[in-house]
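> I would like the atomic coordinates for the input below:
(one chain, ligands or ions: 1)
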Amino acid sequence: MAAEQKFVIAIDGHSSCGKSTLAKALAKHFSYVYIDSGAMYRAVTLFAIQNNCFRPEGLSEECLLRALDEIDISFDKNKSGIQTILNGNNVEDEIRQIEVSSKVSFVSKVREVRQKLVSLQRKMSKDGGIVMDGRDIGTVVFPQADFKLFMTAKPDVRAQRRFDEMIEKGVKVNYEEILQNVKDRDFLDENREESPLCKAEDAIVLDNSYLSRQEQLDWVINQIEKRMLGHEN
Ligand code: DC
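So this is what the prediction gives:
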């Protein structure tokens with residue numbers, strides 16, 4: 001039966017276009033494990049901050065690389081959702097803070113960091129039945145993934161969604177600044193030397209600028225189930 005197949009589902013795309021929301025919903029639908037690879041880059045960034053590897057002149061890669069073997073990252077599921085664990089501590093809230101968000105691009109471009117995390121990500125998926133989202137999942141981490149999705153949405157639509165989310169949380173924000181941040185992150189993700197964000201040749205593109213969450217979920221589930229049926233025949 002289709003539902004018993006253990007697919008590896010790779011989701012890549014631009015920041016702030018709802019990858020993790022969709023990935024979690026898919027993992028729930030198929031009873032798969034969800035891995036947020038961005039959380040792993042954020043956890044390494046937090047480690048670098050805590051260990052004073054960020055200096056006034058920028059990230060000291062030497063400092064981070066010296067301590068790379070000491071970094072242990074895992075995930076834990078409790079009733080408030082999936083928690084990121086860094087060296088035994090739950091850092092789920094801390095890694096979402098603005099300080100980490102503003103520094104993570106410096107850490108995610110370091111080759112040795114990427115090598116370590118890619119190897120960890122592959123270990124986590126050894127039994128299949130996994131949905132992983134990020135920037136290089138279909139291109140580098142799982143080039144053989146059973147289903148690859150590349151998500152995007154217009155920058156102004158993504159900025160508006162983030163703006164609305166922040167306002168709802170009571171955070172005072174400026175729309176123009178958010179829009180600029182969205183564009184800057186796209187540029188950094190797409191233009192870094194190590195594993196830049198790009199669509200895998202065999203990925204299906206989903207532009208969700210004008211789709212509701214439910215519409216996009218139904219559409220993707222349908223695409224995956226069709227693929228599963230194809231694998232059976
Ligand atoms: O998805 P996110 O915004 O939480 O990701 C945080 C950062 O990590 C983002 O700047 C891009 C980077 N990242 C990456 O380089 N490769 C991944 N597979 C996932 C995230």
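
> Could you count how many residues lie near the closest residue to Ala25 other than its chain neighbours?
Excluding the flanking residues, the one nearest Ala25 by CB to CB, 6 or more residues apart in numbering is Leu217, at 5.2 Å. (Each C-beta comes from the backbone N, C-alpha and C, glycine too.) By other CB atoms under 10 Å, the residues close to Leu217 number 17.

> if I pick Leu217, what's in contact with it?
By CB atoms under 8 Å, 6 or more residues apart in numbering, the residues touching Leu217 are Leu22, Ala25, Leu26, His29.

> For it, give its distance to Lys24.
10 Å (CB to CB, to the nearest Å).

> how close does the residue nearest to the spatial centre of the chain sit to the ligand?
In the chain, the residue lying closest to the centroid (CA atoms, centre = their mean) is Gly134, at 3.2 Å. For Gly134, the distance to the ligand (CB to the nearest ligand atom, to the nearest Å) stands at 2 Å.

> From what I see, that residue and His14 are in contact.
No: counting by CB atoms under 8 Å, Gly134 stays clear of His14, with 11.7 Å between them.

> tell me the SS of Lys6?
Here Lys6 is coil, with the state taken from DSSP: H, G, I helix; E, B strand; the rest coil.

> Assess the claim that it and Lys126 are in contact.
No: Lys6 is beyond contact range of Lys126, at 10.7 Å (criterion: CB under 8 Å).

> And the two? Which one has more around it.
Counting neighbours by other CB under 10 Å for Lys6 and for Lys126 shows that Lys6 has the greater number, 12 against 7.

> Provide a list of residues in contact with the more buried one.
Contacts of Lys6 (CB under 8 Å, 6+ apart): Tyr32, Asp127, Gly128, Gly129.

> To what extent is the third one buried, counted in neighbours?
If you count neighbours by other CB under 10 Å, Gly128 ends up with 13.

> got it, and the last one?
Other residues near Gly129 number 16, with proximity taken as other CB under 10 Å.

> In contact with it, which residues?
Applying CB under 8 Å, 6+ apart to Gly129 gives the contacts Lys6, Phe7, Phe30, Ser31, Tyr32, Val33.

> The ligand: which of those is nearest?
Val33 (16.1 Å; CB to the nearest ligand atom).

> Report the contact partners of that closest one.
Ala27, Met124, Gly129, Ile130, Val131.

> So the fourth one versus Lys24, what's the distance?
Here Ile130 is placed at a distance of 12 Å from Lys24 (CB to CB).

> Give the residues shared as contacts by these two.
Each of Tyr34 lies in contact with both Ile130 and Lys24 under the rule CB under 8 Å, 6+ apart.

> Kindly list the longest helix within this structure.
helix 213-232 (DSSP state H).

> So for that helix, mean pLDDT?
Helix 213-232 comes out with an average pLDDT of 93.

> and stretch 143-157, which residues are buried?
Judged by neighbour count using 16 or more other CB atoms under 10 Å, the buried positions of stretch 143-157 are Ala145, Asp146, Phe147, Lys148, Leu149, Phe150, Met151, Thr152, Ala153, Pro155, Val157.

> which residues does the third one contact?
By CB under 8 Å, 6+ apart, the contact set of Phe147 is Phe7, Val8, Ile9, Ala10, Ile204, Gln223, Ile224, Arg227.

> Any of these buried? List them.
With neighbours counted by 16+ other CB under 10 Å, those contain buried members at Phe7, Val8, Ile9, Ala10, Ile204, Ile224, Arg227.

> And the last one, how far from the ligand?
Here the criterion is CB to the nearest ligand atom. By it, Arg227 lies 22 Å from the ligand.

> Give the full set of residues in contact with that residue.
By CB under 8 Å, 6+ apart, the contact list for Arg227 reads Phe7, Asp146, Phe147.
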